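Visitor: this one's sequence-less:
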């Protein structure tokens, strides 16, 4: 950091003539960035304001409420199963975060750091499997799950099963991370007589903290937004909904007239905790996303 | 098409250079396809040779084997137990016992019905006790198809296990002959944490993938060969094999009586168009935002970035549903514009087919830019700064720097990402379904199964067909397979035409 500062100072002095032009272009950029931020944040600001509107419950062509109040939040908890949906989603998210992290890490670690017969073949097969659209299999999964009683009111365990079972196929990002840990570490430990399990447990896992957190974070966040599977598997039984399906049902044509502001309130209640969690762990998320893209 | 040497190429004028490159690209596509077919043929040939080798090996093992080995051909695991590998032997034996038990009790029954998928559904039968006709359950095509498939897979698993059993006996013969000690069950368990550690690690993930992805996919491929839909639900009205008729119906352009193929063509075209625009608008605009934030002299970088990243955190269904309502006829945008007196009639963002498509793409930019900004920022920081320094000394302006340094570097590094993101957009269910629900309904696209709208992608169409009143499962299966074909062909072309410069091991 210090070095950079020292390098910078003489340069700006040398190009005094450039600064005027530079200042104009910087001003333009500031304006553009400000506009961008406003556009990006505005909808969330609007949804927040609209959730406090009390005079009407349907859609309105304006943002700022004429009568403020917590009516929508109160109605959300008294008139709908929102608490149930919230609990469902939280339960799903916690279970998914734990199971999925174990599965993804086992898969990616093995494919990245162990060499065995059929490894390349396995990766190619998964690549091909990944090309099938995810819910082509929805029909048969639904039938099988409903045979086991894991749909409708029992949708929560069913959804956990669906989210976790195939999560091994999403190993790419964490494999990319494991790939960057030098192989020589393993080799040194092997020479010292460590078994492969010991290397995994005592050597690599402590080094992999960022990717573990990234995996937990993404696994935890996904169920909050999932709509397709949740809707199909809960199959119009309100007690099996997650928040996405529940809030979506409020915006349907038949109910939007009375529950639009309630939808806004629900959206705020879902967004706030997730956003706080995300902000705390943002560093790991950014690392994972950027790393994942570079390594393909 | 002649190949120019480097020197000749450099002497071409700029438009000719571009022309040369484009022509080269086009020429290499058929080559790549040809290469692909050769590869497939090679795989088939290899497979044939492998089968022959296996058969020879099984024969010679039997002829040269000890008596324990010969017994193992019938009683699996006998050879292992006889030579002290109790654990392995028991597992083999147990597997065989379960297999035989299953086949006798259930497997044979399902297999025998598999070819017809059942002969009689719900029907009336005379019941002596009540002295009347009562409704009796018959076959269930769905169950027959599912259990039949499982039985076939079980048989395959048995054959593979049997083959492993034979191979192990051959190895045991060799060990006994050379006088070495046979591995005990304890050693086997130990090696699961060491030499065989990958088996321990992969057991759970692979079981999940096989049960919840592989088997369902095979099942749906089979469904695409049947007439499974609401009329033939497999229970009250059985379904059966109809071969490739479904594919024929979907792909016969205009010649069929249905307008299904026309609808499919139109939806496919829009899907590809959408994927193209969604991917590249996000890519370039996200990159520009990242460059602006990264520019030297711009302050508060963390805050700009932070606000954009914040929008990733909020679950997509909240933002998408809300934005969708903002653009509705009586939504915020129209309300605001009317209040200002700029328009008198609300703009039909979601009801005009063309405008709906444009709006969807624009809102997708709003969704996608924060991700792209993050990715691009990471990569931009990795570009060696001296490249920019030296180019500035040579008198390059910002635009030239972008075209000659930034863009090529970005494209090089994010090539694979672009492909995955294109494929992701082909299957981008959330954005379309939550924004428009596939609407506005398009009278041209009204088909026998699920009414498709103007912004429907193949994937949302698939969803509608599956969940709609028609429940046209056979068509859904065919569409799913077509999506796979489109994605696979695209990926193969891209990977074969653009030589993958990256070797996996390079990073280690």
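Guide: Great, that's in hand. Every value quoted in this text rests on a predicted model; they were computed, and no experiment measured them. Numbering: from 1, shown residues only, chains lettered A, B, ... in the order given.
Visitor: the residue of chain B found nearest chain A: which element?
Guide: Nearest to chain A, among the residues of chain B, is residue B:335, at 1.9 Å (C-beta to the nearest C-beta). Where C-beta positions appear, they are placed from N, C-alpha and C, glycine not excepted. Following DSSP states H and E, one finds residue B:335 within helix B:332-339.
Visitor: quick one: buried residues of that helix?
Guide: If you call a residue buried by 16 or more other C-beta atoms under 10 Å in any protein chain shown, then helix B:332-339 has these buried ones: B:332-335, B:338.
Visitor: how distant is that helix from the center of its chain?
Guide: Distance of helix B:332-339 from its chain centroid, counting by C-alpha atoms, centre = their mean, to the nearest Å, is 42 Å.
Visitor: by contact count, what packs against that helix?
Guide: Judged by 3 or more C-beta pairs under 8 Å, 6 or more residues apart in numbering or on different chains; DSSP states H and E, helix B:332-339 is in contact with helix B:316-326.
Visitor: how about residue 141: what's its closest non-neighbour residue?
Guide: I'll assume chain A. Among residues not flanking residue A:141 along the chain, residue B:216 sits closest, at 5.9 Å (C-beta to C-beta, 6 or more residues apart in numbering or on different chains).
Visitor: my bad, the chain I had in mind was chain B
Guide: residue B:234 (3.4 Å).
Visitor: how about the helices in the stretch 1-150 of chain B?
Guide: Ranges of helices in the stretch 1-150 of chain B, per DSSP state H, counting those that start in this stretch, are B:6-11, B:14-64, B:67-72, B:78-82, B:86-102, B:108-114, B:141-178.
Visitor: could those helices go into CSV alongside mean neighbour count and mean pLDDT?
Guide: Formatted as CSV, the helices of the stretch 1-150 of chain B follow (neighbours: other C-beta atoms under 10 Å in any protein chain shown; pLDDT from 0 to 100):
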stretch, mean neighbour count, mean pLDDT
helix B:6-11, 10, 77
helix B:14-64, 11, 86
helix B:67-72, 18, 87
helix B:78-82, 22, 88
helix B:86-102, 16, 93
helix B:108-114, 16, 90
helix B:141-178, 17, 91
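Visitor: tell me if whatever helix or strand comes next after the helix holding residue B:335 is near chain A.
Guide: Once helix B:332-339 ends, the next helix or strand along the chain (criterion: DSSP H and E) is helix B:353-382. Yes. Judged by C-beta under 8 Å from any C-beta of the partner chain, helix B:353-382 and chain A are in contact via B:366, B:369-371, B:374-375, B:377-379, B:382.
Visitor: need those in JSON lines (columns: neighbour count).
Guide: Shown next, in JSON lines, are these (neighbours: other C-beta atoms under 10 Å in any protein chain shown):
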{"residue": "B:366", "neighbour count": "17"}
{"residue": "B:369", "neighbour count": "25"}
{"residue": "B:370", "neighbour count": "21"}
{"residue": "B:371", "neighbour count": "18"}
{"residue": "B:374", "neighbour count": "23"}
{"residue": "B:375", "neighbour count": "26"}
{"residue": "B:377", "neighbour count": "22"}
{"residue": "B:378", "neighbour count": "19"}
{"residue": "B:379", "neighbour count": "20"}
{"residue": "B:382", "neighbour count": "10"}
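Visitor: could you dump those residues to JSON lines with pLDDT?
Guide: Listed next are the residues of helix B:353-382 next to chain A as JSON lines, based on pLDDT from 0 to 100:
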{"residue": "B:366", "pLDDT": "91"}
{"residue": "B:369", "pLDDT": "90"}
{"residue": "B:370", "pLDDT": "90"}
{"residue": "B:371", "pLDDT": "87"}
{"residue": "B:374", "pLDDT": "86"}
{"residue": "B:375", "pLDDT": "85"}
{"residue": "B:377", "pLDDT": "84"}
{"residue": "B:378", "pLDDT": "81"}
{"residue": "B:379", "pLDDT": "82"}
{"residue": "B:382", "pLDDT": "79"}
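Visitor: excluding its backbone neighbours, what's nearest whichever residue of the stretch 51-200 of chain A sits closest to chain B?
Guide: Among the residues of the stretch 51-200 of chain A, residue A:61 lies nearest to chain B; the distance is 1.9 Å by C-beta to the nearest C-beta. Closest residue to residue A:61 apart from its sequence neighbours, by C-beta to C-beta, 6+ apart: residue B:335 at 1.9 Å.
Visitor: what residues does that neighbour make contact with?
Guide: Residues near residue B:335 by C-beta atoms under 8 Å, 6 or more residues apart in numbering or on different chains: A:60-62.
Visitor: out of those, who's nearest residue B:471?
Guide: Nearest to residue B:471 among the contacts of residue B:335: residue A:60, at 37.9 Å, using C-beta to C-beta.
Visitor: stretch B:213-233: which residues count as buried?
Guide: Neighbour counts over stretch B:213-233 (16+ other C-beta under 10 Å) mark B:213-217, B:219-229, B:232-233 as buried.
Visitor: on that earlier part again, pick out the lowest-pLDDT one from the contacts of residue B:335.
Guide: pLDDT across the contacts of residue B:335 is lowest for residue A:61, at 75.
Visitor: is that residue in a helix, a strand, or coil?
Guide: Secondary structure for residue A:61, judged by DSSP: H, G, I helix; E, B strand; the rest coil, is coil.
Visitor: list phi and psi for it.
Guide: Main-chain dihedrals, residue A:61, degrees, to the nearest 10: phi -80, psi 10.
Visitor: got a list of what it touches?
Guide: B:330-332, B:334-336, B:338-339.
Visitor: ok, the residue nearest to residue A:141 touching residue A:143?
Guide: No. Residue B:216 is beyond contact range of residue A:143, at 10.0 Å (criterion: C-beta atoms under 8 Å).
Visitor: quick check: can you list the domain ranges of the chain?
Guide: This is for chain A. Using automatic domain parsing, the domain parsing of chain A gives A:2-72, A:80-294.
Visitor: that was the other one, I meant chain B.
Guide: Here the domain parsing of chain B from automatic domain parsing is B:1-64, B:65-243, B:260-501.
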